[in-house]
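Participant: sequence unavailable; structure follows:
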């Protein structure tokens, strides 16, 4: 009986330590990247509950969707514009389908925007 009790205690303590390790693990902050077009000007925003870590100066890559795959057309760093973190490529002169991507960085999730059509 005593061995069973000891074994059960070891299992419970081990499970608690394991759970505490998972709960205490560093969790990446959610990140959202958007894309918009005004004419052929491409811009958008990076949003996060941890903006100083995940939005400020965040690299955003913009891709054009082609038959041969996705073509990187430019990058920008998001910066504070009013109360939001904005990125902008300016006038690309390009038509087609585009999306923006904020790659994952330490402590912050990555995100991919919707795909938009620019005419």
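Facilitator: That came through, no problem. Since the model is a prediction, treat every value here as computed from it, not as a measurement. Residues are numbered from 1 along each chain as shown.

Participant: alpha carbons only for contacts and neighbour counts from here, please
Facilitator: Fine.

Participant: next secondary structure after the lowest-mean-pLDDT helix or strand in the chain?
Facilitator: In the chain, the helix or strand scored least confidently by mean pLDDT, DSSP states H and E is helix 2-23, which has a mean of 48. Under the assignment DSSP states H and E, the closest C-terminal helix or strand after helix 2-23 is strand 32-33.

Participant: contacting residues around the following helix or strand past that next one?
Facilitator: Going down the chain from strand 32-33, the next helix or strand is strand 36-38, by DSSP H and E. The contact list for strand 36-38 (CA atoms under 8 Å, 6 or more residues apart in numbering) reads 42, 43, 44, 116, 118.

Participant: quick check, residue 45 in contact with residue 85.
Facilitator: Yes - in this structure residue 45 lies within contact range of residue 85 using CA atoms under 8 Å: 5.5 Å.

Participant: what residues are shared contacts of these two?
Facilitator: Overlap between the neighbourhoods of residue 45 and residue 85 consists of residue 78, taking contacts as CA under 8 Å, 6+ apart.

Participant: tell me the contacts of the spatially most central residue of the chain?
Facilitator: Taking CA atoms, centre = their mean as the criterion, residue 110 is the residue nearest the geometric centre of the chain, at 2.3 Å. Taking CA under 8 Å, 6+ apart as the definition of contact, the neighbours of residue 110 are 30, 31, 32, 101, 102, 103, 104.
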